[in-house]
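Enquirer: sequence unknown, structure follows:
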């Protein structure tokens, strides 16, 4: 694609169409862009458009399209073609920084993300001047440009927070620090001075505080791995200014929005994070500054309101105190009883309160509430931070803290008892405080595994939890009911078995609660209790006489819960499924099966019977194909892997023919775009295998022009270390099911491709698959054909493959079917290949036989070279739908040899007997002179079992 006005106009039209709400207009435009993005200059056309187009919408659209293009294609994947040409890569890197900094903010953010993606791959080795180019822009004085640089740098450096330590990482960080640390520090000081100069200019302050927040984030990233010498030398500058910003209160930056955090809150939150980082990792160097930060953050906590906009700030501030109080160096700061009392009263208790915002989430956004409370994604909430602070204080002051908090718990419970209807939130806070105080160690499988011995969990359960569980009105005080259920769930390993058994029927009744949180917690608690195991690996709940009264109620309530609003697809209820109940209650559940299933069972049984009957498959296809067609036409990527799996399942049930509806679809399955998405590869390979199995001859006859496309798919897969095994699955099906003459012209090229891959990138997985393939080829076409095709590629190659690959590596083959294929193939080579008996290949006959006996008798060689341990993990740039196996769409293992060979050892014995009768005296002579004694003994056993004797 040349850089000309015509192509710019075409691209503009198609970009505009991608914004059309009508799928009939939008989809073809998206397909067109996808089809041309591999052309040289495509990315440069997008950059030209976003720079020069007069239409703002098109400029933004071009920027987003460019970023997504870079995200998908910039990374160079080993064994895959380069999707962005080298001239384009050079031109992009030469122009993108200037373009980003001169663009409006909306476009600047997209280009900043694109630079970060490119930087992750190319910086610093392939883009050494990136930082220098960015740093020079600090001198511009234009904060639109400066913030663009800071935003890009943040995207580029934030990965330092998560990277494993390595020499390569240290080298990169050193380069960044040498170039960036001083200019960043100078910019930090200059920006603070400008904030003082423009202290009353709201618009200027917004820009400047955005810069300060980004600078603070960069400070965190650059200091995360280790304390750099530069920042240690300049700690006074940074910490003094951080402390000043932490204590700053500028009314011009205060917002009326109670939900959204303002710039001042965001900056202070990041400074709390920075201080916590230094307190945790560099406590010795940070010690002179710590007291003033503790004071400032304490004052911040006691003066900050309960509004949601302060949540992140308060959470980070409390986390700072939590990180400080559990360090031995700072223990003295919290020893005073008055200090502990003050922390409890002014920080912990207020931030454990159940606020109106929490109540709204409980009622109106139950999914998010459950995700935060049950699944542990509440890491930035006030409650989680307060809980962490309690645990931190208990590390050195467990006795005093427990005593102080016990008084508050009793006070809260007393308030609740006076007026439960008005004061129920007091009890909620009390339960949460007890939970925080008692929890010392926790796992997903067992709940709390180590508890504070000073907290009587059993007594608290009996006095304050059981009453809520026993309440006849399951819909009254749903928050307290959920708290009580959660208490049972997390302390299940600490409470006596009798109390857990007492709780089970009560939990069953809570499955009927209208509150989504409450009945979800009840289901989850039951599932956790049902899967608990005692010291002898016995389940807590067993099918004894106490269960029949509750079994029917449990089954009824589970299905009723699925019918409640918001829980039709509730995963926690689904987990308490019939399979779990059958394994748990065993035969005691049998009388209740009609209750459990009713009409649903009847329908499921009908479906099951129909699926097993090939004559009714057509009715399923009639119902499903219109839906499948729509999904395929509209390219609904999320559903495609599932569509291909179901289609495979249906086609596999057919008798040995392919219906016309499937044949019409066959060419579309070979389109390259489908094979670019990693999630499509396993189900698509399986579907093509089904096509070959059911109609290899039909494809050879009516779709012979598609055979190159089929082999093109094989070629693409075989080039990838992650997907080469899928390529072999497909190749094996082609060899097994396609008529011989239809692939005759392609056979040599197939082997050449395999040898090229062996030369360029030999892995254990590839070798194992290659061995299975060549032996399957031998089984299908004969040993002579195998020898001839090898030697046609290069003289004496057959001997090289035997000596260098088959003999030393066959022990690595795993799986009963794979071993059987190799055994039968090698047997054919040993006994049906004249060249192995009468040429220079003869010296390999005995080692090959010994390798085959080793395959039968020795343990599998499962060793993997160190550099291959992660060979199957291949990063896919950008978002792509992953492959998920449908639970009941599994594929039966296929044995291409079948019953024609029952025992490969017997086959070997019989084949050697035939060979010895054709060449009397030679086989026993070769065995006696060079076969290992143990191997010879095993072979004698095979001959006796086959009742034959060599001559």
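Expert: Yes, it's here. For clarity, every value in this text was computed on a predicted model and none was experimentally measured.

Enquirer: could you identify the helix or strand that succeeds the helix or strand hosting residue 9?
Expert: Per DSSP states H and E: residue 9 is located in helix 5-17. Along the chain past helix 5-17, the next helix or strand (assigned with DSSP H and E) turns out to be helix 23-36.

Enquirer: which of the residues in that next one are buried?
Expert: For helix 23-36, burial by neighbour count (16 or more other C-beta atoms under 10 Å) applies to 27, 29, 32, 33. In this view, the C-beta of every residue, glycine as well, is placed from N, C-alpha and C.

Enquirer: CSV for those residues, including distance to residue 248 and pLDDT?
Expert: Formatted as CSV, these follow (distance: C-beta to C-beta, whole Å; pLDDT from 0 to 100):
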residue, distance to residue 248, pLDDT
27, 52, 87
29, 50, 92
32, 53, 91
33, 48, 92
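
Enquirer: against residue 240, how distant is the residue nearest to residue 239 when sequence neighbours are not counted?
Expert: Spatial nearest neighbour of residue 239, excluding adjacent residues (C-beta to C-beta, 6 or more residues apart in numbering): residue 289 at 4.5 Å. Distance, residue 289 to residue 240, using C-beta to C-beta, to the nearest Å: 8 Å.

Enquirer: more neighbours, the two?
Expert: When neighbours are counted by other C-beta atoms under 10 Å, residue 289 and residue 240 differ, and residue 289 comes out ahead with 19 against 13.

Enquirer: next up, the contacts around the more buried one.
Expert: 235, 239, 243, 278 (C-beta atoms under 8 Å, 6 or more residues apart in numbering).

Enquirer: what subset of these is buried?
Expert: Neighbour counting over the contacts of residue 289 (16+ other C-beta under 10 Å) leaves 235, 239, 243, 278 as the buried ones.

Enquirer: doesn't residue 40 fall inside a helix?
Expert: No: read with DSSP: H, G, I helix; E, B strand; the rest coil, residue 40 is coil and lies in no helix.

Enquirer: okay, now it: neighbour count?
Expert: With other C-beta under 10 Å as criterion, residue 40 counts 13.

Enquirer: 41 is where my numbering starts, stick with that
Expert: With the count now opening at 41, the last piece we talked about shows up as residue 80.

Enquirer: correct me, but it touches residue 125?
Expert: Yes: between residue 80 and residue 125 there is a contact under C-beta atoms under 8 Å: 4.6 Å.

Enquirer: wait, residue 616 sits on residue 599?
Expert: No: if you go by C-beta under 8 Å, residue 616 and residue 599 don't touch, sitting 10.7 Å apart.

Enquirer: who touches residue 877 in this structure?
Expert: By C-beta under 8 Å, 6+ apart, the residues touching residue 877 are 885, 959, 962.

Enquirer: name the nearest residue to the second one, ignoring sequence neighbours.
Expert: Put plainly, it is residue 959. Residue 959's closest residue in space is residue 877 (C-beta to C-beta, 6+ apart), at 6.7 Å.

Enquirer: now do residue 367
Expert: residue 323 (5.9 Å).

Enquirer: isn't that neighbour right up against residue 369?
Expert: Yes: contact criterion C-beta under 8 Å: residue 323 and residue 369 qualify, at 5.1 Å.

Enquirer: who's more crowded, these two?
Expert: Taking neighbours as other C-beta under 10 Å, residue 323 and residue 369 compare with residue 323 leading, 16 against 13.

Enquirer: measure residue 234 to residue 186 for me?
Expert: Residue 234 sits 11 Å away from residue 186 when distances are taken as C-beta to C-beta.

Enquirer: tell me which of the two has more neighbours.
Expert: Counted by other C-beta under 10 Å, residue 234 and residue 186 do not tie: residue 186 has more neighbours, with 25 against 19.

Enquirer: could you single out the nearest of the buried ones among the contacts of residue 329 to residue 935?
Expert: Checking the buried ones among the contacts of residue 329 against residue 935 with C-beta to C-beta, the nearest one is residue 318 at 63.7 Å.

Enquirer: now that closest one. Nearest residue, chain neighbours left out?
Expert: Of all residues not flanking residue 318 in the chain, residue 326 sits nearest, at 4.1 Å (C-beta to C-beta, 6+ apart).

Enquirer: same check, this time on residue 281
Expert: Excluding its sequence neighbours, the residue lying closest to residue 281 (C-beta to C-beta, 6+ apart) is residue 232, at 5.5 Å.

Enquirer: quick revisit: tell me the helices and strands packed up against the helix holding residue 49.
Expert: Helices and strands touching helix 45-57, by 3 or more C-beta pairs under 8 Å, 6 or more residues apart in numbering; DSSP states H and E, are helix 63-76, helix 82-92, helix 96-113.

Enquirer: so who does residue 781 touch?
Expert: For residue 781, no contacting residues are found, by C-beta under 8 Å, 6+ apart.

Enquirer: ok, now which ones touch residue 275?
Expert: By C-beta under 8 Å, 6+ apart, residue 275 lies in contact with 325, 326, 329.

Enquirer: in the stretch 391-540 of the chain, where is pLDDT below threshold?
Expert: Within the stretch 391-540 of the chain, the segments meeting pLDDT under 70 span 415-420, 481-490.

Enquirer: from residue 114, how far off is the nearest residue to residue 43 once chain neighbours are set aside?
Expert: Using C-beta to C-beta, 6+ apart and skipping the chain neighbours, the partner closest in space to residue 43 is residue 81 (5.6 Å). Taking C-beta to C-beta as the measure, residue 81 falls 16 Å from residue 114.

Enquirer: who has more neighbours out of the two?
Expert: residue 114 (20 against 17).

Enquirer: ok, now which ones touch the more buried one?
Expert: Neighbouring residues of residue 114 by C-beta under 8 Å, 6+ apart: 123, 124, 129, 157, 158, 161, 917.

Enquirer: one more pass at 6 Å, please.
Expert: Listed by C-beta atoms under 6 Å, 6 or more residues apart in numbering, the contact set of residue 114 reads 157, 158, 161.

Enquirer: wasn't the second one part of a helix?
Expert: The reference is to residue 158. Yes: counting by three-state DSSP, residue 158 falls inside a helix.

Enquirer: kindly provide the distance from it to residue 729.
Expert: Counting by C-beta to C-beta - residue 158 and residue 729 are separated by 39 Å.

Enquirer: got it, and residue 53?
Expert: Residue 53 sits at a distance of 41 Å from residue 729 (criterion: C-beta to C-beta).

Enquirer: higher neighbour count, these two?
Expert: Set residue 53 next to residue 729 and count neighbours by other C-beta under 10 Å: residue 729 wins out with 23 against 12.

Enquirer: name the helix or strand for the closest residue to the more buried one other than its chain neighbours, please.
Expert: Once flanking residues are discounted, residue 729 sits nearest to residue 773: 4.4 Å by C-beta to C-beta, 6+ apart. Taking DSSP H and E as the criterion, residue 773 maps to helix 764-777.
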